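Novice: Provided below are the primary sequence and the corresponding predicted coordinates.
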Amino acid sequence: VLLMIAAGNVVLLWRRRWSSPCLLVSILLAGCVMRIGYMLYTGCEVRSHDMYEFSSDSYGHAAYLLKLIEKHQLPETNSIQFYQQPFFYLVGAVVSKIINGLLGSENPYNYVDAAKLVSCFASCATVFVAERLCEKLDIKEKGKIAAVAIVAFLPGFYLMGGRVNCDALAVYFMALAIYY
């Protein structure tokens, strides 16, 4: 898909129809493709932190999700990662339950892994919010392209899209708060 985006830009350049908005759209698309690809390619335990065991009786991000999915309750303590705000975990549990219900899976690992979709959505949406924010701030075309490219391609931003934690969602909401 990234090659198709690049090829489209080459064709537009060759036909002399390429412009800065074409580059901006290409950056937005490439940023989303990279995030989705990373999410699909990488398991939830790879390059993650504080996952611990895939059990509702453990601690960490995996246990937080599994407590919601399997026991239908929030954690009873604030130790380890249970101090996190529940919004990401509630949305992740719903999304995970739907996906695993469609796939017919009840494997704890699959429950946790499916929750990455929430992070991936938030990470992709942040790229579009960054573009809209630049527009609202009347940033010139070159500055907008540079700012959106940083959000789209900086590893820290797109790696969040493949993790099971509330970081990507928090960044998305902060970007929305600044925008609005």
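Specialist: Good, I have the coordinates.

Novice: Only C-alpha atoms from now on, for both contacts and neighbour counts.
Specialist: Will do.

Novice: so where's the chain uncertain?
Specialist: Scanning the chain for pLDDT under 70 picks out 1-2, 9, 12-13, 18.

Novice: which residues of it fall in helices?
Specialist: With helices called from DSSP state H, the chain shows them at 2-14, 20-41, 61-71, 87-103, 108-114, 116-136, 141-153, 155-159, 167-179.

Novice: count of residues packed around residue 172?
Specialist: By other Cα atoms under 10 Å, the residues close to residue 172 number 22.

Novice: and it, how far is that from residue 155?
Specialist: For residue 172, the distance to residue 155 equals 16 Å [Cα to Cα, to the nearest Å].

Novice: OK, contacts around residue 29?
Specialist: Counting by Cα atoms under 8 Å, 6 or more residues apart in numbering, residue 29 touches residue 5.

Novice: go on, residue 39?
Specialist: Shown in contact with residue 39 (Cα under 8 Å, 6+ apart): 116, 117, 120, 161, 162, 163.

Novice: Kindly recompute the last result at 7 Å.
Specialist: With contact set as Cα atoms under 7 Å, 6 or more residues apart in numbering, residue 39 has these partners: 116, 120, 161, 162.

Novice: The second one - how many residues pack around it?
Specialist: So the one you mean is residue 120. Counted with other Cα under 10 Å, residue 120 comes out at 27.

Novice: re the thing from before, could the helices of the chain go into JSON lines alongside distance to residue 53?
Specialist: Listed next are these as JSON lines, based on distance: least, Cα to Cα, whole Å:
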{"stretch": "helix 2-14", "distance to residue 53": "35"}
{"stretch": "helix 20-41", "distance to residue 53": "20"}
{"stretch": "helix 61-71", "distance to residue 53": "7"}
{"stretch": "helix 87-103", "distance to residue 53": "16"}
{"stretch": "helix 108-114", "distance to residue 53": "9"}
{"stretch": "helix 116-136", "distance to residue 53": "17"}
{"stretch": "helix 141-153", "distance to residue 53": "31"}
{"stretch": "helix 155-159", "distance to residue 53": "21"}
{"stretch": "helix 167-179", "distance to residue 53": "20"}
